[in-house]
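# could you look at this predicted model? Sequence included:
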Number of protein chains: 4
Amino acid sequence: MIIVMKPHAPEEAVKRVAGLVQEKGLETHLSQGKEVTIIGVVGDKTKLSNENLTMLPWVDKLVPITESYKLSNRKFHPEPSRVKIKDHEIGPDTLTIMAGPCAVENEEQLMTIAREVKKSGAQFVRGGAYKPRTSPYSFQGLEEEGLRYMAEAGKEYDLCTICEVISEEAIEAAAKYVDMIQIGARNMQNFQLLREAGRSGMPVLLKRGLAATIDEWLNAAEYIIAEGNPQVVLCERGIRTYETSTRNTLDLSAVPVIRQKSHLPVIVDPSHATGVCAYVPPLAKAAVACGADGLMIEVHNDPEHALSDGPQSLTFPAFHQLMGELEGYINLSGRTL
Amino acid sequence: MIIVMKPHAPEEAVKRVAGLVQEKGLETHLSQGKEVTIIGVVGDKTKLSNENLTMLPWVDKLVPITESYKLSNRKFHPEPSRVKIKDHEIGPDTLTIMAGPCAVENEEQLMTIAREVKKSGAQFVRGGAYKPRTSPYSFQGLEEEGLRYMAEAGKEYDLCTICEVISEEAIEAAAKYVDMIQIGARNMQNFQLLREAGRSGMPVLLKRGLAATIDEWLNAAEYIIAEGNPQVVLCERGIRTYETSTRNTLDLSAVPVIRQKSHLPVIVDPSHATGVCAYVPPLAKAAVACGADGLMIEVHNDPEHALSDGPQSLTFPAFHQLMGELEGYINLSGRTL
Amino acid sequence: MIIVMKPHAPEEAVKRVAGLVQEKGLETHLSQGKEVTIIGVVGDKTKLSNENLTMLPWVDKLVPITESYKLSNRKFHPEPSRVKIKDHEIGPDTLTIMAGPCAVENEEQLMTIAREVKKSGAQFVRGGAYKPRTSPYSFQGLEEEGLRYMAEAGKEYDLCTICEVISEEAIEAAAKYVDMIQIGARNMQNFQLLREAGRSGMPVLLKRGLAATIDEWLNAAEYIIAEGNPQVVLCERGIRTYETSTRNTLDLSAVPVIRQKSHLPVIVDPSHATGVCAYVPPLAKAAVACGADGLMIEVHNDPEHALSDGPQSLTFPAFHQLMGELEGYINLSGRTL
Amino acid sequence: MIIVMKPHAPEEAVKRVAGLVQEKGLETHLSQGKEVTIIGVVGDKTKLSNENLTMLPWVDKLVPITESYKLSNRKFHPEPSRVKIKDHEIGPDTLTIMAGPCAVENEEQLMTIAREVKKSGAQFVRGGAYKPRTSPYSFQGLEEEGLRYMAEAGKEYDLCTICEVISEEAIEAAAKYVDMIQIGARNMQNFQLLREAGRSGMPVLLKRGLAATIDEWLNAAEYIIAEGNPQVVLCERGIRTYETSTRNTLDLSAVPVIRQKSHLPVIVDPSHATGVCAYVPPLAKAAVACGADGLMIEVHNDPEHALSDGPQSLTFPAFHQLMGELEGYINLSGRTL
């Protein structure tokens, strides 16, 4: 950390600040410029957590040099992580496809969709049993009944299963039925839920918050890993901007940025990001091209009558075609399905 | 709702869409332009919730005309709401001041701060017992112990008390100790928590999410009210933008916008919005000037050593001075403390 | 256009609004809901440009149905446009690579870079002679001298040449030396400059403004085309968001969105978008994968000493390697260099 | 400036970087942490402008400590500036009101409006003669004819006059007719225009760009002042965010931030920021309450038929009422009209 003093801070003010830092057992290095003096601070910064150094007289600002996340930081874990789910591994060698409906609507629907996405090559069936919805008057999910259908579909078609959780009870229920849990964008900073997901010991897909920076996202992952659960996969799903042509703005730069900052796998969800099925195939290809470890794609047997997010869902033929077109891109990336 | 067809949609396509709407028991009104036909839909739109009309051939887009929130909507409740807490009423006649530390640190600290903010004229003491923090390594709050101190401070100095809750257990604990609960920005779309806050029957302060639109915010309030709990107060606390001079961008326009769209009281938190104590007084005055029903302000006995958010906290003398300066603005607004 | 009346607007108010619209020679279609009446307006909306209908009593809002841009709109020009520059065509069959330094620094530098980018397969050399810089104390470009070097480089290595213009005089100068002019992000709504670019008759690369919506961007293109110059190519170069890991947030969704809304070619500039050379290759591949018609990439002989934007520039070996890796993606896109 | 090295950078790498800096005549101060070494750089940074230090091996990032703007920086000019226009002074003692139509439409309109705004207490009449419009098909202004009417109105009613300029010719024309020129939001980084405004020697109102940070805004002011023209007044007019209830999001925090960073006067335009006349009065009061040096407000004799931006214009009675209500706030601010 660097402490920047205000221009022409008197020597005593600089000494006072440096002295306070030293008292806590850290080293300081002064660098005196013509206008401005800066104090480099070396040592364990958590010892300073009770001090608000910016409140001291003549202090201008603090400039952090190292990141606050450690366990999710590539600096301390240079090799890319692999997350194993049943026989499948999410990581640098594979391209993971999670496909399915936004919401589980009934048994037949889910079984049909699971069969088709398996046929097209997906390794996961996804489906929401607990739906966080902007309006309280929208369909909120089948809850445990939906989870049961997920388990059934996974078994019948030999697919891994993933489901969003929105509460501790949902995590407990999900643990009985599915292979991986998902923390949605709206809960990315529901720290209680992150800790519980960590304690559950289940693999976790952590979606990026609607307005979360990449650093906040990696700190959210840190909450899960700090509970002793390193099986975290990140999912970019669009951020909120002023642009309204797409529901959110898919931030594909996040893929190479995460690759540099973290060892965790990262997948991309072009369906929720854009909200428009016509934009899903080109952005799915782009995600693979820029190095994503996988894709989450909404597929529905009858998008015209889906209970949630129909307009962004691919039909079976559209998904099948996309999977065919992705093949070339997956080959170029040196991965396998 | 209006259904906009694509340019030169054939008559049969228009008929098909209109027919489908009529089948569900709603009326349609065609308006045929030179290029574009639009279909006005009249009736209860929830009957269409199983249909994804935008997936139908030749449909271009849907344009909603009415808001999805009803109970928080001023159209159906033209009089401004008043929320009673002990002897105090939050609403159009009063200017409510909630002041106190970001985090409750210990009994003595809280009692000292409560005494001082009472002396300066605040009606509420605020203080965090459960702290949602970006990093898992930051101080997370005293939890129930902190709530006990809040109760004590409220009793000793005849202040209303408010505390953030982040889980169902926290709501249950808070119900025993404090007068009002707060849902923080990061949990604004934690729908499970909103419902539980509704069921608790306690007055709720609902902070705006970091990237929430005003419509999403009013829909979040709708979740609480829909559980039979109309005692909701909104709190603007800054939104995320590209500007970095302040921690967030305080959106004071939200005050008159909310006034027009909703009957719920709205207060402003300039401390969290800016993150800089020097900016709090001018923006506190501005909030009163544009019609806010109250202010939430961080005050600390020793900001240099606060465990959370020190740089944005006012000292006692600064808070006392602000309260003196606010008097003229409160008078101009026709309100009383 | 649709006029939405406020709830329970009296019949006379509706009649007054509809009457005013009809007086101007447009048709109206009423659609009366239980709460809300809407008025569909059919005909030439420019006839209403002197009326502020939203100011009329009981009018709630206007909802535009058709776009304000016509000449850049795909609805009226379904075939993708092709822009010819010397022997090269920018459009659906080719993948255009524009490469070169951010700023032209001297003759030798530019000739060296031009030779290398040609060798690696680029069809254009780019280079800034007029540099819009945030601070007045940064290097502002060689101006006409820089243009002369561009002409020379184009001739010597049989490359098309492109240069940013920032004023009428710059356009006049550029017309003498280069094959295509570029309007930069900061000038996307410098309407005077857009008109002059239109009148120049030169092919124009129009970069997206830092906070421009896609609709504003297409309206800016409209300014150029409306002067009788249809040779416009769009360039996505990142938009401003709250995320700071990259300089801007590259909005690759803009590529399929533009494809749907417009017939104009669209290329992508990952160098300016990210500001970090390590992120350029993955995003360049992603841009090709999602359907871009080309790429603009910064290449420098000595990025460590570049006068402008060095950190985002590729070295010759890095550019050469990228061009090799792009081959597979270009093949998959069905295009040729 | 601080150079942050990557974790565990070898000593030679640190030496190479420090050596390069020293060669250019600057001092370096090393601060070696457990993981990270940082190099404080003392001296004139412009000597390093040809070096891209971030490209050097093992360099992680550069952290600027001092601002790039000097002439607009409060650090080097602690007293607030005053800008004199005829008998009026914009600065810390006065509250300047600029009122008038968005666009000058004809002589009679402007004279009527000028008379009324003068009567209500405004010191300036504003009016657009050159209108930058998103669509080329919207009304673009009366140009020089409009300026002539402005001069007439200023003379007739003893008002200062201000007009937006969008080109060098417009500046030349404006210099003949009006007292102050305005650079609009879309041209805030039209550096050519900024320089010309500086050279004109006229007082300049510089609006904040739609997505400009406060630092970029002050750098834009620097362009004007660097030409020898210190008569610059800033105008906050809303920034682009995801919120759509208002046209832009008025950033009132910018007022105290500017006050701290710069000595230049700053006024607020609530009309363009919100786009809705009902929101103008509350936000005008808020602007005065948080310390703005003035207001720019749109007033129109007949907003229903205004050629530009009618919905945000106040009628004469509404403006008159606002001016009456502002009195108390102006008194509290210790200023006079």
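Okay, I see it.
# from residue A:232, how far out is the residue nearest to residue A:117 when sequence neighbours are not counted?
Spatial nearest neighbour of residue A:117, chain neighbours left out: residue A:99 (4.0 Å); criterion: Cβ to Cβ, 6 or more residues apart in numbering or on different chains. Glycine gets a C-beta too; all of them are placed from N, C-alpha and C. As judged by Cβ to Cβ, to the nearest Å, residue A:99 and residue A:232 stand 21 Å apart.
# the residue nearest to residue A:117: neighbour count?
Residues lying near residue A:99 (other Cβ atoms under 10 Å in any protein chain shown) number 29.
# do the same with residue A:84
Residue A:84: 11 neighbours (other Cβ under 10 Å).
# I'd say the residue nearest to residue A:117 and residue A:126 touch.
Yes. With contacts counted by Cβ atoms under 8 Å, residue A:99 reaches residue A:126, the gap being 6.5 Å.
# give me the buried positions along stretch A:208-216.
A:208, A:209, A:210, A:211, A:212, A:213, A:214, A:215, A:216 (16 or more other Cβ atoms under 10 Å in any protein chain shown).
# could you confirm whether it reaches chain B?
Yes. Stretch A:208-216 is in contact with chain B by Cβ under 8 Å from any Cβ of the partner chain, via A:210, A:211, A:216.
# got phi/psi on residue A:152?
phi -60, psi -50 (degrees, to the nearest 10).
# tell me the pLDDT at it?
Turning to residue A:152, the model gives it a pLDDT of 97.
# isn't it up against residue A:108?
No. Counting by Cβ under 8 Å, residue A:108 is not a contact partner of residue A:152; they are 11.1 Å apart.
# of those two, who's got more company?
residue A:152 (16 against 10).
# just to revisit the earlier point, for the buried residues of stretch A:208-216, which one is nearest chain D?
Using Cβ to the nearest Cβ, residue A:211 comes nearest to chain D of the buried residues of stretch A:208-216, at 8.3 Å.
# what separates that closest one from chain C, distance-wise?
In this view, residue A:211 and chain C are 6 Å apart by Cβ to the nearest Cβ, to the nearest Å.
# so that residue is in which element?
For residue A:211, there is no enclosing helix or strand under DSSP states H and E.
# which residues touch it?
A:239, A:240, B:210, B:211, B:240, C:242 (Cβ atoms under 8 Å, 6 or more residues apart in numbering or on different chains).
# any idea how far residue B:220 is from the residue lying closest to it once chain neighbours are set aside?
Distances taken as Cβ to Cβ, 6+ apart place residue B:211 nearest to residue A:211, at 3.1 Å, with adjacent residues excluded. Noted for residue B:211: a distance of 13 Å to residue B:220, by Cβ to Cβ.
# again with residue A:27
47 Å.
# with residue A:21 instead?
Residue A:21 is 42 Å from residue B:220, by Cβ to Cβ.
# the more surrounded of these two?
Comparing residue A:21 with residue B:220 by other Cβ under 10 Å, the one with more neighbours is residue B:220, at 28 against 24.
# contacting residues for the more buried one?
B:183, B:188, B:189, B:191, B:194, B:206, B:209, B:212 are the contacts of residue B:220 under Cβ under 8 Å, 6+ apart.
# now do the same for it: helix, strand or coil?
helix (DSSP: H, G, I helix; E, B strand; the rest coil).
# please point out which parts of the longest helix anywhere in chain A sit buried.
Ordering each helix of chain A by length in residues (DSSP state H) puts helix A:316-332 first. Neighbour counts over helix A:316-332 (16+ other Cβ under 10 Å) mark A:316, A:318, A:319, A:320, A:322, A:323, A:326, A:328, A:329, A:330, A:332 as buried.
# ok, and what's touching it?
In contact with helix A:316-332 (Cβ under 8 Å, 6+ apart) are residues A:95, A:97, A:99, A:116-117, A:119-122, A:277, A:280-281, A:284-285, A:288-289, A:297, A:299, A:301, A:314, A:336-337, C:289, C:328-329, C:332.
# can you put the buried residues of helix A:316-332 in CSV and add distance to residue B:131 and pLDDT?
Output for these, formatted as CSV (distance: Cβ to Cβ, whole Å; pLDDT from 0 to 100):
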residue, distance to residue B:131, pLDDT
A:316, 48, 96
A:318, 46, 96
A:319, 44, 97
A:320, 49, 97
A:322, 44, 98
A:323, 46, 98
A:326, 44, 98
A:328, 50, 98
A:329, 44, 98
A:330, 44, 98
A:332, 47, 97
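# can you tell me which two in the buried residues of stretch A:208-216 are farthest apart?
Among those, the pair separated by the greatest distance (Cβ to Cβ) is A:210 and A:215, at 15.6 Å.
# am I right that residue A:4 is in a strand?
Yes. Assessed with three-state DSSP, residue A:4 lies in a strand.
# and it, how far from residue D:41?
Counting by Cβ to Cβ, the gap from residue A:4 to residue D:41 is 13 Å.
# now do the same contact list for residue A:52.
Contact partners of residue A:52, counting by Cβ under 8 Å, 6+ apart, are B:303, B:304, B:305, B:306, B:310, B:311.
# now it. Nearest residue, chain neighbours left out?
Looking at residue A:52 with Cβ to Cβ, 6+ apart, the closest residue is residue B:310, at 3.0 Å.
# stretch A:174-191 vs chain B: in contact?
Yes. Using Cβ under 8 Å from any Cβ, stretch A:174-191 comes into contact with chain B via A:186, A:187, A:189, A:190, A:191.
# convert the C-alpha atoms of that stretch to PDB, please.
Output of stretch A:174-191 as PDB, limited to C-alpha atoms (Å, rounded to 0.1, in the frame of the first residue of the first chain):
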ATOM      1  CA  ALA A 174     -30.100 -29.000  -4.100                       C
ATOM      2  CA  ALA A 175     -27.400 -31.000  -2.400                       C
ATOM      3  CA  LYS A 176     -29.700 -34.000  -2.500                       C
ATOM      4  CA  TYR A 177     -30.600 -33.800  -6.100                       C
ATOM      5  CA  VAL A 178     -28.000 -32.000  -8.400                       C
ATOM      6  CA  ASP A 179     -24.300 -32.000  -9.100                       C
ATOM      7  CA  MET A 180     -23.500 -28.300  -9.000                       C
ATOM      8  CA  ILE A 181     -25.100 -25.200  -7.600                       C
ATOM      9  CA  GLN A 182     -25.300 -21.800  -9.100                       C
ATOM     10  CA  ILE A 183     -25.200 -18.400  -7.400                       C
ATOM     11  CA  GLY A 184     -27.000 -16.000  -9.600                       C
ATOM     12  CA  ALA A 185     -26.000 -12.400 -10.500                       C
ATOM     13  CA  ARG A 186     -28.400 -10.800  -8.000                       C
ATOM     14  CA  ASN A 187     -26.900 -12.800  -5.200                       C
ATOM     15  CA  MET A 188     -23.200 -12.300  -6.000                       C
ATOM     16  CA  GLN A 189     -22.800 -10.200  -2.900                       C
ATOM     17  CA  ASN A 190     -25.200 -12.100  -0.700                       C
ATOM     18  CA  PHE A 191     -22.300 -13.000   1.500                       C
END
